[in-house]
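# this one's sequence-less:
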DNA sequence: ACCTGAACACCGTTCAAGT
DNA sequence: ACCTGAACACCGTTCAAGT
C-alpha cells in the first residue's frame, strides 16, 4: 500500500520500526521498508549511506520513550530507573533490540540518556573520569541483558539453558526457582551487583 | 581446493572457524564452508539442522584454548583470569566473536568454563544460588565487552564515539586519556566494578 | 534409503540507462 | 543533475529428481 511522497530520515526510521515490531528483525530489509513507504528501494540510499546507518537511526528512535525519572530522587534510584527503562524500551521493540545490543544508539536519544546517566553518577560523588567509565560499563551491561533476552527479534528461550546448564554442575545448587538468564529477575541481580560496586568507587572518589 | 571425504561436526566447525578468521563473519556462509571442504553445501545439513547450530559449534570451539588458571589462586584472581581469557579468546577469532556475544557457547567448552566460574564463586563464599546468578552476570558482561570490541568480525572503531560523546557533555570531564569503550582498559574497569559487588555479596552470604 | 544439485525466494548494493 | 529499476553477486533452505 503506497503512501505519499515526501521522504525524511525520521519517516523512514518510523516505517522500519513499525515493520520490525510487526514482523521481526529480518523483515527490516531495504526492499520491505521501501515497500511499506511505496517508494523505490534505492530512494532510501539518498537518506542513509547503507542499511547499517538506517538501523542505527531506528535503534535511536526506539529509545525515545525512556524517561529520566524525577531528578530529585537518589542517584541509585535514578540509575536503576534509567538502565531498567532502556532495557524495557528495547524489549518493547524486539525487532530492533538485537541492533541496540550490538551498537549503542549515539544519536539524539543516545546522547540524552548518556547525559542523564552522567549527571546521576556525578551526583553519586564519582569523579568525572570514573563517571564516564561507569556509564560505559552500565551501557555494556544493559546491552548484554538485551542480547540475552532477545534473539533475532523474539524473546529467546535458548538462554534459559544457561541457567539449566549452570544448575547441573557438580557443586549442586538447588536449581529450581532460579531466575532464567534473560529474565527480569536475573537482570535486576546483575544491576544490583554493579550498583554495589559503584557505591564503593564513589566512597573512594569522595575520600580522595 | 576440495579435500578428502569424511565429514564430522568437528571438521566442519574447524573449517568454518578458519574461514571466519581469514575473511570475517559474513564469509562463514554455508556455501563458502562447503567450498572450503570440497563438498556440496547440502552435506552440512546432515550434521547441523541449520546455520545457527553450526555457528554455535564454531563459537564453542573458539573457547577451547581458555585455561582455568592455577586452582590454588585467590577466587578473584581466578575469576579475573577466566573472564579476561574468554574475552581474549573470542578476540583472537573476530569472525565468530559477534556470535559468541549474541549466543553463549553451551557445548563442551561453555560447560567447562561455566563450571570453573561456579567453583571460583563458591570458593568466594557465595551461596549456590547467588553463584549461579553471578555467573550469569559475568557471562553477560563478557559478552557485552565482546560486542563492543568487535563489529561484524573486525574491531569496531565506532564504539570509540561513545567515549567521545560522553566526554562532550555539560559536566565537562577531562576527556583526554580516557579508555575507549571497547578497549582493554575499559573492560578492566567494569570487571573490577563487578568484583567489588561480588565481594560485598559474598560477605553478606557468609554472614547469613 | 540416501544423497545431490537445481530451484525458490529472498538479500544489499552497483551502475547504466533514462528523464 | 537527478532519479530509477534492472542487474550483479550473493544468501539459507526446500525439494524433486536421481542413484
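That came through fine. Since this is a predicted model, take the numbers as computed values, not measurements. Numbers count the residues shown, from 1 in each chain, chains lettered A, B, ... in the order given.
# for chain A, what lies in contact range of DNA strand C?
Residues of chain A found near DNA strand C, taking CB under 7 Å from any atom of the strand as the criterion, are A:27-32, A:41-42, A:45, A:50-52. In short, each C-beta sits where N, CA and C put it, glycine included.
# got the contact list for the closest residue to residue A:107 other than its chain neighbours?
Nearest non-adjacent residue to residue A:107, counting by CB to CB, 6 or more residues apart in numbering or on different chains: residue A:60, 3.9 Å away. Going by CB atoms under 8 Å, 6 or more residues apart in numbering or on different chains, residue A:60 touches A:13, A:105-110.
# at 10 Å instead, please
A:13, A:96, A:100, A:104-113 (CB atoms under 10 Å, 6 or more residues apart in numbering or on different chains).
# the domain parsing of chain A - what is it?
A:9-48, A:66-207 (automatic domain parsing).
# want to throw the ones you listed into JSON lines with distance to residue B:145, mean neighbour count and mean pLDDT?
Formatted as JSON lines, those follow (distance: least, CB to CB, whole Å; neighbours: other CB atoms under 10 Å in any protein chain shown; pLDDT from 0 to 100):
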{"stretch": "domain A:9-48", "distance to residue B:145": "23", "mean neighbour count": "17", "mean pLDDT": "96"}
{"stretch": "domain A:66-207", "distance to residue B:145": "6", "mean neighbour count": "20", "mean pLDDT": "85"}
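# want to throw the contacts of residue A:60 into CSV with secondary structure?
As requested, those are exported to CSV (DSSP: H, G, I helix; E, B strand; the rest coil):
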residue, secondary structure
A:13, helix
A:96, coil
A:100, helix
A:104, coil
A:105, coil
A:106, coil
A:107, coil
A:108, helix
A:109, helix
A:110, helix
A:111, helix
A:112, helix
A:113, helix
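# can you give me the strands in chain A?
With strands called from DSSP state E, chain A shows them at A:150-151, A:154-155.
# any chance of a markdown table for the domains of chain A, columns distance to residue B:56?
Shown next, in a markdown table, are these (distance: least, CB to CB, whole Å):
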| stretch | distance to residue B:56 |
| --- | --- |
| domain A:9-48 | 18 |
| domain A:66-207 | 9 |
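# nearest to residue B:84, of the ones you listed?
Among the domains of chain A, domain A:66-207 comes nearest to residue B:84, with 14.9 Å by CB to CB.
# what's the span of the closest one from first residue to last?
This stretch, domain A:66-207, spans 34 Å end to end (CA to CA, to the nearest Å).
# how far off centre is it?
Computed by CA atoms, centre = their mean, to the nearest Å, the chain-centroid distance of domain A:66-207 equals 9 Å.
# near DNA strand D, which residues of chain A?
A:39-43, A:46.
# closest one of the residues you listed to residue B:79?
Residue B:79 lies nearest to residue A:41 out of the residues of chain A next to DNA strand D, by CB to CB, at 49.0 Å.
# nearest spatial neighbour of that closest one, skipping sequence neighbours?
Computed as CB to CB, 6+ apart, the closest residue to residue A:41 that is not its neighbour in sequence is residue A:34, at 4.1 Å.
# where helices are concerned, which of the residues of chain A next to DNA strand C count?
Within the residues of chain A next to DNA strand C, residues falling in helices by DSSP state H are A:30-32, A:51-52.
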